[in-house]
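Undergrad: Next come a sequence and a model predicted from it.
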Amino acid sequence: MKLLSESLLKAMAASLNVEENCFLDQCGGRGNMIARFNFYPPCPRPDVVLGVKQHADSSAITILLQDKEVEGLQVLKDDQSFRVPVVPYGLLINVGDQVEVMSNGIFKSPVHRVVMNAERERNTLAVFIMPDVDVGIGPVEKLINEERPRTYEDIKNYVALFFPSYQRGKRPIEAAKISQEFH
Ligand SMILES: O=C(O)CCC(=O)C(=O)O
Ligand SMILES: [Fe+2]
């Protein structure tokens with residue numbers, strides 16, 4: 001998992017023509033990998049109950065092993081939902097809010113949710129790659145320019161900022177955005 005996440009973060013940085021360690025370095029030496037097992041029992045009213053309400057992940061990236069038979073994850077874009085197909089034993093890589101900040105908004109952290117299934121249970125394993133809270137993250141300097149002005153503030157401990165907004169049903173990353181009033 002460590003090797004996979006490091007290789008991904010390096011490849012993502014390299015794909016933007018910036019120094020390959022620039023995302024990884026912001027994760028610091030004492031980042032965490034948090035594994036969450038999600039169990040969704042059959043639900044008689046999938047029309048009114050969600051498995052997980054809509055959110056974007058607070059991680060740098062998330063590595064998700066989906067149930068190998070039962071679908072449920074949906075990505076939301078422009079008020080439309082898109083089903084994520086089942087790929088047995090495949091790992092789904094999701095960009096989290098912290099890589100959106102580091103990439104100055106180039107990589108987008110998608111809003112997603114989980115819908116329930118009336119007949120079948122569903123099991124997934126999400127591994128969240130969490131930067132060291134003491135290091136602090138911010139947009140990589142080389143990704144800030146005239147066409148793409150700095151979108152996000154430098155932030156320490158993104159997770160502390162995340163949960164209060166999430167609980168109010170807001171997008172936490174909005175709180176990290178540079179206020180438009182100053183531009
Ligand atoms: O169970 C899933 O398919 C996704 C779960 C999820 O979005 C999460 O744990 O953050
Ligand atoms: Fe998620």
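TA: Now that the structure is in, tell me what you want to look at. Ligands and ions are numbered 1, 2, ... in the order given.

Undergrad: Is residue 92 within a helix or a strand, and which one?
TA: strand 91-95 (DSSP states H and E).

Undergrad: looking at it, residue 111 is touching residue 55, isn't it?
TA: Yes: using CB atoms under 8 Å, residue 111 is in contact with residue 55, at 6.9 Å. Using the backbone N, CA and C atoms, a C-beta is placed for each residue, glycine as well.

Undergrad: what does this protein have sitting close to ligand 1?
TA: Applying CB under 6 Å from any ligand atom, we find that the chain lies next to ligand 1 at 36, 38, 52, 57, 64, 66, 72, 73, 112, 114, 124, 126.

Undergrad: Mind giving me the ChimeraX select for these, buried ones only?
TA: In ChimeraX syntax, the buried subset of those is picked out as below (16 or more other CB atoms under 10 Å):
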select :38,52,57,64,66,72,73,112,114,124,126
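
Undergrad: Which residues are in contact with the residue nearest to residue 46 when sequence neighbours are not counted?
TA: The shortest distance from residue 46 to any non-neighbouring residue, by CB to CB, 6 or more residues apart in numbering, is to residue 116 (4.0 Å). The contact partners of residue 116, taken as CB atoms under 8 Å, 6 or more residues apart in numbering, are 40, 42, 43, 45, 46, 49, 50, 51, 72.

Undergrad: what does residue 126 give?
TA: 35, 36, 38, 62, 63, 64, 65 are the contacts of residue 126 under CB under 8 Å, 6+ apart.

Undergrad: ok, residues contacting the longest helix belonging to the chain?
TA: In the chain, taking DSSP state H as the definition, the longest helix is helix 2-15. Here helix 2-15 makes contact (CB under 8 Å, 6+ apart) with 19-24, 27, 33, 60-61, 63, 91, 93, 99, 103, 107, 129, 140.
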